[in-house]
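*Asks:* build me a model from this:
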Amino acid sequence: MATRTWYLNEINFGGANNHVFWDRDLSSIPSGINYTNTGWNVGRTSASNFALLENGSEVSRNTFSSTEPAATTSGTDTNVTTFTSQTIYGNCYDDNTVTLIPLKSIALLFPYNVVFEPGDFTFDFVVQADSRASGQGGRVAVQLYRGFFEYNSGSGSNYNRTLITRYSGSSATLSWGVGTTVTNLTTTTAQTSTVTYDAAPFLNPPRVELSGGKTAAGTAYLGCDVYWEITNSVGGGGANNNCDVMLMYGTSGTKFTSPNFRKRAFLAN
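*Replies:* The predicted structure follows:
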C-alpha cells in the first residue's frame with residue numbers, strides 16, 4: 001500500500017521561539033540531527049507523570065501531572081500562527097497559501113482537502129537529552145485530529161478541530177495512542193518512540209476525510225497533540241533538575257507516515 005511521509009522541521013516567525021511542523025520535503029531540513037526548541041524538562045519528576053507538548057517551548061518540570069491528559073474530542077484553538085507558504089516554501093499541493101502552526105500541537109505544513117486510503121498513521125519521534133540525562137526513560141503519546149479555519153470568525157485565526165477516533169482491535173476508543181518506551185536516555189545517542197494510530201479500519205469504506213469549513217475558503221488540516229510520559233525517574237538531588245528530553249529534527253527518523261490520499265472530488269483544483 002502506498003504511503004505518504006512528512007518530516008519534523010522548524011520555523012521561526014521572528015518571535016522568541018521556533019515552532020515545529022510536519023514538512024513534506026526532507027531536503028529543506030538542515031542536515032544532521034538537531035535539537036528543536038520543543039521538548040520537556042523532566043527534572044527529578046517521579047515516574048507515571050505526564051506533560052503535554054507546547055510547540056516551541058521546553059515544558060517546565062512543574063507542568064507534569066500524575067493524571068494523563070484528557071483526549072479532547074473537539075474544540076477551538078485560538079493560539080495559532082499563520083503564514084503564507086508560497087512565499088517561503090513554494091507552491092502547496094493545493095492552491096491554498098495559508099499555513100497553520102498550532103502552538104500546542106504539530107500540524108502538517110500544507111493544507112489539504114483529501115480522503116485518505118485505509119491504513120495506519122504512524123508517528124516516529126526521535127528524542128535525546130540536551131542538558132542532562134541521568135538514565136531517564138519515557139514515551140510519547142499522540143491524539144490525531146482534523147479541523148479547519150473558520151475564516152468568517154473575525155481575525156480568521158480560529159481553528160475548529162475534531163478528534164479522529166482511534167481503534168483498539170475492533171473497538172473505537174477516544175484514548176491516546178501510546179508509543180514505545182525509550183530507556184536510559186543520554187545526551188549523545190538519539191532514540192525513537194513510535195506510535196501507531198489505527199484510525200478507521202472498520203468504516204465502510206475505511207477512510208479519514210479532511211474537508212474545509214462552513215465557507216468556501218475553509219481549508220482542512222491534519223494535526224496531532226503529543227504528551228511525554230515519564231516511565232523512569234532520575235530522582236537524586238538538585239543537579240538532576242535540568243534532566244530533559246527534546247524532539248529532534250534534521251533527521252529522516254523523526255517522521256509522520258500516513259496512508260496515501262486523493263483530493264476530494266468536489267474541489268476544482
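
*Asks:* where in the stretch 1-150 of the chain is pLDDT low?
*Replies:* Residue ranges of the stretch 1-150 of the chain with pLDDT under 70: 1, 13-16, 82-100, 109-112, 149-150.

*Asks:* residue ranges for the strands of it, please.
*Replies:* Assigned by DSSP state E, counting those that start in this stretch, the stretch 1-150 of the chain shows strands spanning 3-12, 18-23, 34-41, 50-52, 58-59, 74-77, 80-84, 98-102, 106-107, 114-116, 120-128, 137-149.

*Asks:* can you map out the helices along the stretch 151-269 of the chain?
*Replies:* Remark: no helices are assigned in the stretch 151-269 of the chain by DSSP state H, counting those that start in this stretch.

*Asks:* which residues in it form strands?
*Replies:* 159-163, 166-168, 171-173, 177-178, 191-198, 208-209, 220-232, 244-249, 255-259, 261-263.

*Asks:* need the strands of the stretch 1-150 of the chain in a markdown table (columns: distance to Val178 and mean neighbour count).
*Replies:* The way it works is simple: take the backbone N, C-alpha and C, and place the C-beta from them, glycine included. What follows is the strands of the stretch 1-150 of the chain, written out as a markdown table (distance: least, Cβ to Cβ, whole Å; neighbours: other Cβ atoms under 10 Å):
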| stretch | distance to Val178 | mean neighbour count |
| --- | --- | --- |
| strand 3-12 | 19 | 19 |
| strand 18-23 | 20 | 22 |
| strand 34-41 | 16 | 22 |
| strand 50-52 | 11 | 20 |
| strand 58-59 | 18 | 20 |
| strand 74-77 | 21 | 14 |
| strand 80-84 | 26 | 15 |
| strand 98-102 | 21 | 22 |
| strand 106-107 | 17 | 24 |
| strand 114-116 | 22 | 20 |
| strand 120-128 | 11 | 22 |
| strand 137-149 | 5 | 23 |
